[in-house]
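Colleague: got a sequence here, can you build the structure:
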Amino acid sequence: MSDLNIFITSDLTSSERRISPQWNLHYLKQRLEQITGVEPRNQVLQYFPNKYSNEFHKILHNDSGIRDEDVLLSSLGLKDYSRIHVIDSDPYSTTNQLTNESSPSNIPLAPGSSSNGAPVEGEFQLSEEEYKRRANSVLNWKAQNKLGRFNPEYQTLQAQQQAKDREALANIHVGDRCRVINISGERRGVVKYTGKIEVLDNGEKEWVGIEFDEPVGKNSGNIGTIQVFDCRPGHGSFVKPTTVEVGDFPELDPFDDMDDLDEEL
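Modeller: Residues are numbered from 1 along each chain as shown. Just a heads-up that it's a prediction; the model follows:
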């Protein structure tokens, strides 16, 4: 059997890999750990047969009673250019910590501000120093359990991730056609911005601003009241460079599958 081209995605990564149907599930999970950083025992694998659809089914999990070593990939019916999404079932894992720390949606707004940066009248405000002193705060809990930036290995992991981001960003330029593949499916668009964003994370990380072809974005190229790039409402997003693939990716034709339907009765 010839190898299959499969898209591998997680909350932090997106890539295309060649997979042999002769592998067993145990070996596949070992390879997926190298790609996504998710330990095999914590991997929940969602299989998307059609990259244009959000329909999926779970590949055998550890609690199924079947050993991964006994499952050949050839028995799973994997198709060329389909997608496997890897979910980390351990909420305290390093990969989930990195996901929570780096996601723009998890970056706190200024006290007393709404999502668009405007002050909220009458809203309870807690200063940063008061928040740090609270014994029952999430920040205090993370410090006690050495999670996030309190993890002794956090700086090393962050440095490794930032190196990967810089390497990916070197091949991404404003005006490039691109696509982003993750749990929500494939989104295509145009690169509108690359680089650091001071208002987002004090300029610590690299970001790619994209105007998607369809209204599947999170914003209009803005972070609160700061306009980073111009685009149509609901078409813009800021994503990590490692999740972006640039190339000859024209706009998706929503009627592209109609010819296939005509051939089936």
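Colleague: what is the burial count for residue 65?
Modeller: Residues near residue 65, counting by other Cβ atoms under 10 Å, number 7. Where you see a C-beta, it was placed from the backbone N, CA and C, and this is true even at glycine.
Colleague: can you give me the distance of it to residue 78?
Modeller: Taking Cβ to Cβ, to the nearest Å as the measure, residue 65 falls 22 Å from residue 78.
Colleague: and for residue 182?
Modeller: From residue 182 to residue 78 the distance is 19 Å (Cβ to Cβ).
Colleague: got the domain ranges for this structure?
Modeller: 4-98, 161-246 (the TED database).
Colleague: if you average pLDDT over each of these, which is lowest?
Modeller: Of all these, domain 4-98 carries the lowest average pLDDT, namely a mean of 86.
Colleague: how far is it from where the chain is centred?
Modeller: Centroid separation between domain 4-98 and its chain, computed with Cα atoms, centre = their mean, to the nearest Å, is 15 Å.
Colleague: kindly report the same for stretch 2-20.
Modeller: 14 Å.
Colleague: tell me how far the ends of it are from each other?
Modeller: Using Cα to Cα, to the nearest Å, the end-to-end distance of stretch 2-20 comes to 7 Å.
Colleague: just to revisit the earlier point, quick one: which of the domains of the chain is nearest residue 252?
Modeller: Closest approach to residue 252 among those (Cβ to Cβ): domain 161-246, 5.8 Å.
Colleague: which parts of the helix or strand in which residue 155 is found are buried?
Modeller: Taking DSSP states H and E as the criterion, residue 155 maps to helix 154-169. Within helix 154-169, the residues that count as buried by 16 or more other Cβ atoms under 10 Å are 154, 157, 158, 161, 164, 165, 168, 169.
Colleague: please apply the same query to stretch 212-226.
Modeller: Applying 16+ other Cβ under 10 Å to stretch 212-226 flags 212, 213, 216, 217, 219, 220, 221, 222, 223, 224 as buried.
Colleague: re earlier: in CSV, list the domains of the chain along with distance to residue 253.
Modeller: Output for the domains of the chain, formatted as CSV (distance: least, Cβ to Cβ, whole Å):
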stretch, distance to residue 253
domain 4-98, 10
domain 161-246, 11
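Colleague: before we move on, the earlier item: pull the distance from the helix holding residue 155 to the chain's centre.
Modeller: Here helix 154-169 is found 15 Å from its chain centre; the criterion is Cα atoms, centre = their mean.
Colleague: packing partners of it?
Modeller: Under the contact definition 3 or more Cβ pairs under 8 Å, 6 or more residues apart in numbering; DSSP states H and E, helix 154-169 sits against helix 94-102, strand 206-212.
Colleague: tell me the first helix or strand C-terminal of that helix.
Modeller: Helix 154-169 is succeeded, C-terminally, by strand 177-182 (DSSP H and E).
Colleague: nice, that's everything, thank you.
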